[in-house]
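**Q** got a structure for you, letters missing:
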């Protein structure tokens with residue numbers, strides 16, 4: 001596994017539509033493994049192939065909605081599509097490709113995704129809360145869309161601090 005460079009806002013690859021993955025081979029497996037290592041080292045919750053300069057429909061999402069005592073784990077989604085969504089949540093959102101910027105973005109509170117795994121087998125996965133938000137955010141990357149284009153409001157550092165302090169009951 002190797003760390004990949006994360007592309008930042010202004011890189012042309014972040015604004016492009018990604019092509020489907022058609023070869024479920026060792027090259028794809030290496031990309032997914034490298035992306036997983038890059039995601040773990042970046043302290044992010046999701047990473048899409050265009051964020052590492054690859055215009056293919058592949059994303060990783062860290063599943064954080066796990067029972068207490070269990071480890072978070074990475075969900076690999078190849079050629080993903082949202083097939084069901086419901087509810088609504090508006091929360092601060094950030095992106096590894098737009099470091100230091102956070103904005104209020106409305107997303108569904110529940111999402112079901114159909115995708116393929118690294119071997120080309122089709123499966124479905126559901127997510128709520130942060131996981132649903134992350135599915136939507138990462139799939140937007142595959143269409144060349146950054147969260148800043150969907151943000152209702154970009155937060156100042158003070159507004160972000162206020163938001164999190166009010167959520168956690170601090171003054």
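**A** It's in. Computed from a predicted structure; not experimentally measured.
**Q** so how many other residues sit close to the closest residue to residue 141 other than its chain neighbours?
**A** Counting by C-beta to C-beta, 6 or more residues apart in numbering, residue 141 lies nearest to residue 48, which is 3.5 Å off, once chain neighbours are set aside. For every residue, glycine as well, the C-beta is placed using N, CA and C. Counted by other C-beta atoms under 10 Å, the residues lying close to residue 48 total 27.
**Q** Now residue 125, what are its backbone angles?
**A** Backbone torsions of residue 125, given as degrees, to the nearest 10, read phi -140, psi 140.
**Q** I figured it hits residue 112, correct?
**A** Yes - assessed by C-beta atoms under 8 Å, residue 125 is found in contact with residue 112 at 7.3 Å.
**Q** if I look at the residue nearest to residue 141, how far off is residue 95?
**A** According to C-beta to C-beta, to the nearest Å, residue 48 and residue 95 sit 10 Å apart.
**Q** again, but for residue 13
**A** 14 Å.
**Q** cool, and residue 140?
**A** 10 Å.
**Q** list the residues that contact both of those two?
**A** 146-147 (C-beta atoms under 8 Å, 6 or more residues apart in numbering).
**Q** all helices of the protein, in order?
**A** All helices of the chain, identified by DSSP state H, fall at 26-42, 129-142, 157-167.
**Q** Give the other helices and strands that the longest strand that the chain contains contacts.
**A** Using DSSP state E to define each element, the chain has its longest strand at strand 73-86. The contact analysis (3 or more C-beta pairs under 8 Å, 6 or more residues apart in numbering; DSSP states H and E) places strand 73-86 against helix 26-42, strand 58-63, strand 110-116, strand 122-128, helix 129-142.
**Q** That one pairs with which strands, and in what direction?
**A** If you go by DSSP bridges, strand 73-86 pairs up with strand 58-63 (antiparallel), strand 110-116 (antiparallel).
**Q** Could you export these as TSV, including distance to residue 6, mean neighbour count and mean pLDDT?
**A** Converted to TSV, the strands paired with strand 73-86 look like this (distance: least, C-beta to C-beta, whole Å; neighbours: other C-beta atoms under 10 Å; pLDDT from 0 to 100):
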stretch	distance to residue 6	mean neighbour count	mean pLDDT
strand 58-63	12	24	96
strand 110-116	22	20	98
